[in-house]
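Chemist: build the 3D model from these lines:
(chains A and B)
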Amino acid sequence: MQTGELLNNYNVEPNVWDEMYAALSVRPQYQGVVEFLQQMSIEELNKKEELAKRLFMSQGITFTVYSSGEGIEKIFPFDIIPRIITAAEWSYIESGIKQRLKALNLFLKDVYSNQFILKDGIVPVEMIYSSPHFLREMHGFPVPHDIYVHIAGIDLIRDHDGTFYVLEDNLRTPSGVSYMLENREITKRIFPDIIPRSNVRTVMEYPVILHRNLVSLSPRQTANPTIVLLTPGIYNSAYFEHTTLARLMGVELVEGRDLVVDNHRVYMKTTAGLQQVDVIYRRVDDDFLDPLVFQPDSMLGVAGIMSAYRKGNVAIVNAVGNGVADDKAIYAFVPAMIRYYLNEEPILKNVPTYQLGRPEEREHVFGNMSRMVIKKTNESGGYGMLMGHTASDEEIDRYKHEILRDPRQYIAQPIISLSTSPCYMNGRLKPRRIDLRPYALCGPDGIEIVPGGLTRVALREGSLVVNSSQGGGSKDTWVLAG
Amino acid sequence: MLSRVADSLYWMSRYMERTDGILRMLRINYASSQDDIQEFSWKPVLRIFSYLDEEKSTSLAQQSRAVLQYMVTEKENVNSVLNIVTRARENARSVQDHITKEVWQCLNDFYHTIRDESVNRNLYIEDPVSTLDVLIRHGLLYYGTMDITMARGEGYAFINIGKYLERGVQSADILDIKFSDLQYDVERMDTTYWKYLLLSISGYELYLKTYRTGFDARNVVGQIVLSEDFPRSVLYSVNQLRRYFERVKSDGNKESWKKIEFMIGRIQSRIEYSTVESILRQGLHPYLNGVKEELYEVGIALNQHYFAYS
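Modeler: Purely as a prediction, here's the structure:
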């Protein structure tokens, strides 16, 4: 089969925004890639797909699935066709995310100090105090530079008319950034020359900016502060990401057992004795961070680390307690936060969200279950979700029952169709739903967003769930310069 | 450097050295099993490198293919090359930010190669030497990549400490077991026997150049224990061990360093001031065993003073 045919056979679904095709013609930003694909035979494309898989495997960009006592190496599925974002789209996204993060950061500072937003009745008090991620331990403690969210991953989707919506804010320990970096490296290998020719902006700055921000947080005034990346260990599915970031920044990768707290200071155990740690980029969740304060049986954290943090002897990134701001129920209030703190209209839209804790909204949702997606407020990774359009009546009834037990734990949103992008599958191009997670870095000098991000793709036909735990893959994401 | 990292680097390196030793041993012994020498047996190899009991190793003694599979790809054998490479890689995986990307990829490729089913199949139906050569080459690639890409820092020192400690123990072990097979009879003039022993640790050519008088068990002991130039000799390994241990000296742990330095120094002098005659006088087995024990003690002390993190 020739590749010309490959493109002719690409059928865009009705009422869905396709990133490559508009009204049967290729969008200008995809022209270069399409021309490149047309020069290739199916055999060559298959070879490229093979090469991509081999590169992931040999570089150990894998996660391990343990079954019957034996580790099996798996790669996250990667689709070779890049997702392309124009300069205009990017500048819109960039300004929208910056605005949103500014407000969310102010919200966290407010909620953990004066709570003006609660006193003014913008966000209901019970919303905060019923959130399991609101940590009293953080109250009245000024974090360095007033920055709570140092690293954020904001998930964006596009509706049928191409409008961007924020689907979710990830303000705790967003993952996936190593795939943004590695996917680009793989694309360089499988499509030689095409990246410079297409005027794609680089993503290589990410570790440099992150490292600079981490250095600037050091509580000790020293030229060479000790920065560490705290990982839960090699059995964590994101372990590859932790080693990649540590390597790219040249910082020490530590586990909880490598650290010890003495006199409210954190030290790491080295071959030459104890060495004081200044900044911890932790990839361990709040709950497991300090067995003395949170889960007492956690083996992943460090006893006493919270006291060192509160004394200001060590900086922790992201701040502890951020979960109260990316709770799915709080999400609905982000536009109001932007108006309240910044006196601006939100640039990026929120997906309309119904609080099932409110009887009238619950009634509305229960009457329109087939057009709704219901989510648990404190779950992530696509777990605990109900997609109304595919669920059976029985499943819906069971779920409703579940909701009525504790309605605060649920929100509902109308199903947004999600845009499609072409994926190369078994010698054919097929439209598959995608989202976009750009990564924003906040330091004392402001917010920077590396031009790119992680495009996740729902590889199953018709699926709207892009999470890797639910059969999702990823694509290289190009942001074009001017 | 983190104690945990030093520990992982040290063990990664020991496992890779062991891998190399086993593979070479298997390759040469297989070749020797194809020669029509009178009484070839896999038993010494199994005694050095596996935990099989007497009965089991006797039953395998003449079955080359079965031994190869057991030693290379058997998952149930904790000391199979597959399992050792897996452990080396697990160690490397947890210290990826302390080895170069090239070294990591090398180990990772080795791991994926040996896990491929074709290795097991080829050991059984194809020419096993080709398969062993492929694996040995992966090991050589690791050594070369290590040499060319790794910074000469503390991590590199711990890698070499692991490597030479393992090698010293291995060479002493191989010599001891080969001789025990002959009831430590140094008068035995069995050319083929010594030839294959030397070949298995890449010492045959050096032997021919050093000793012009043909094969003599005394000279074999001389080369494998006392030679300063033979990279697999016990003395060479201990010299290198001391050399790399010098580099981890620091103000933070002077006392521990001194203690271990003393231990290594004592082993070194003990070998340096031995002669073949003095070794044979006190008995080859007690001598080699003593050296081995002392090397193990160094390993334990390193663990106590440098790697302990819990």
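
Chemist: neighbours around the residue of the stretch 151-300 of chain B found nearest chain A, how many?
Modeler: Using CB to the nearest CB, B:Gly252 is the residue of the stretch 151-300 of chain B that sits closest to chain A, at 3.2 Å. In short, each C-beta sits where N, CA and C put it, glycine included. The number of residues packed near B:Gly252 is 13, by other CB atoms under 10 Å in any protein chain shown.

Chemist: what of the one 5 residues further on?
Modeler: Counted by other CB under 10 Å, the residues lying close to B:Trp257 total 20.

Chemist: shouldn't it be within a helix?
Modeler: Yes: in this structure, B:Trp257 lies within a helix as judged by DSSP: H, G, I helix; E, B strand; the rest coil.

Chemist: ok, and the closest non-adjacent residue to the residue of the stretch 151-300 of chain B closest to chain A?
Modeler: Distances taken as CB to CB, 6 or more residues apart in numbering or on different chains place A:Ala272 nearest to B:Gly252, at 3.2 Å, with adjacent residues excluded.

Chemist: tally up the residues packed near that neighbour, please.
Modeler: Per other CB under 10 Å, the neighbour tally for A:Ala272 reads 17.

Chemist: ok, the residue of the stretch 151-300 of chain B closest to chain A to B:Gly265 distance?
Modeler: For B:Gly252, the distance to B:Gly265 equals 21 Å [CB to CB, to the nearest Å].

Chemist: same deal with B:Arg4?
Modeler: Here the distance between B:Arg4 and B:Gly265 works out to 28 Å (CB to CB).

Chemist: looking at these two, which one has more neighbours?
Modeler: Relative neighbour count places B:Arg4 above the other of B:Arg4 and B:Gly265, with 23 against 13, counting by other CB under 10 Å.

Chemist: can you pull the contacts of the more buried one?
Modeler: If a contact means CB atoms under 8 Å, 6 or more residues apart in numbering or on different chains, then B:Arg4 has A:255, A:257-258, A:269, B:94, B:307, B:309 as its contacts.

Chemist: what is the neighbour count of the residue nearest to B:Gly153 when sequence neighbours are not counted?
Modeler: With sequence-adjacent residues excluded and distances taken as CB to CB, 6+ apart, B:Gly153 is closest to B:Met1, at 7.9 Å. Taking other CB under 10 Å as the criterion, the count of residues near B:Met1 is 22.

Chemist: got the residues of the stretch 151-300 of chain B near chain A?
Modeler: Residues of the stretch 151-300 of chain B that fall close to chain A, judged by CB under 8 Å from any CB of the partner chain: B:154, B:158, B:248, B:250-253.

Chemist: quick check: of these, which has the highest neighbour count?
Modeler: Counting by other CB under 10 Å, B:Phe158 has the largest number of neighbours within those, with 29 neighbours.

Chemist: so how far is A:Ile122 from B:Ile159?
Modeler: As judged by CB to CB, B:Ile159 and A:Ile122 stand 58 Å apart.

Chemist: just checking, what packs against the stretch of helix or strand A:Glu402 belongs to?
Modeler: Using DSSP states H and E, A:Glu402 maps to helix A:393-405. Contacting helix A:393-405 under the criterion 3 or more CB pairs under 8 Å, 6 or more residues apart in numbering or on different chains; DSSP states H and E are the following elements: strand A:386-387.

Chemist: gap between the closest residue to chain B within the stretch 301-450 of chain A and A:Asn170?
Modeler: In the stretch 301-450 of chain A, the residue that lies nearest chain B is A:Val302 (12.7 Å; CB to the nearest CB). Counting by CB to CB, the gap between A:Val302 and A:Asn170 amounts to 24 Å.

Chemist: ok, the residue in the stretch 1-150 of chain A positioned nearest to chain B - how many residues close by?
Modeler: Per CB to the nearest CB, the residue of the stretch 1-150 of chain A with the smallest distance to chain B is A:Gly60, at 4.6 Å. The criterion is other CB under 10 Å. On that basis, A:Gly60 has 24 neighbouring residues.

Chemist: could you do A:Tyr331 as well?
Modeler: Using other CB under 10 Å, the number of residues around A:Tyr331 comes to 21.

Chemist: same thing with A:Asp262?
Modeler: Around A:Asp262 there are 11 residues (other CB under 10 Å).

Chemist: so it makes contact with A:Leu274?
Modeler: Yes: distance between A:Asp262 and A:Leu274: 7.5 Å, which falls inside the contact criterion (CB atoms under 8 Å).

Chemist: all the helices of the stretch 351-482 of chain A, in order from the start?
Modeler: Counting by DSSP state H, counting those that start in this stretch, residue ranges of the helices within the stretch 351-482 of chain A are A:359-367, A:393-405.

Chemist: out of those helices, flag the one nearest A:Tyr424.
Modeler: Using CB to CB as the measure, helix A:393-405 is the one of the helices of the stretch 351-482 of chain A that comes nearest A:Tyr424, at 33.5 Å.

Chemist: related to what we said a few turns ago, ok, B:Ile159 and A:Ile122, which is more surrounded?
Modeler: B:Ile159 (24 against 16).

Chemist: can I assume that one is in contact with B:Arg14?
Modeler: No: using CB under 8 Å, B:Ile159 and B:Arg14 do not qualify as a contacting pair, with a distance of 9.4 Å.

Chemist: now do the contacts for the residue of the stretch 201-350 of chain A at minimum distance from chain B.
Modeler: Of all residues in the stretch 201-350 of chain A, A:Ala272 sits closest to chain B, at 3.2 Å by CB to the nearest CB. Neighbour list for A:Ala272: B:1, B:250-253 [criterion: CB under 8 Å, 6+ apart].

Chemist: who does the residue positioned nearest the centre of chain A bridge with?
Modeler: Centrality entry for chain A: nearest residue to the mean C-alpha point is A:Gly153, 3.8 Å, by CA atoms, centre = their mean. For A:Gly153, the beta-bridge assignment (DSSP bridges) gives partners A:Asn170, A:Tyr439.

Chemist: now it: how far from A:Tyr439?
Modeler: Distance check for A:Gly153 against A:Tyr439: by CB to CB, it reads 5 Å.

Chemist: and what of A:Lys74?
Modeler: Spatial separation of A:Lys74 from A:Tyr439 under the definition CB to CB is 24 Å.

Chemist: the more surrounded of these two?
Modeler: Between A:Lys74 and A:Tyr439, A:Tyr439 has the larger neighbour count (other CB under 10 Å), namely 24 against 13.

Chemist: break the chain down into its domains, please.
Modeler: All of this refers to chain A. Residue ranges for the domains of chain A, per automatic domain parsing: A:220-313, A:352-414.

Chemist: not quite, go with chain B.
Modeler: Looking at automatic domain parsing, the domains of chain B come to B:1-150, B:163-310.

Chemist: tell me which parts of the stretch 1-150 of chain B are close to chain A?
Modeler: So the stretch 1-150 of chain B meets chain A at B:1-4, B:6, B:75, B:90, B:93-97, B:101, B:104-105, B:108-109, B:112 (CB under 8 Å from any CB).
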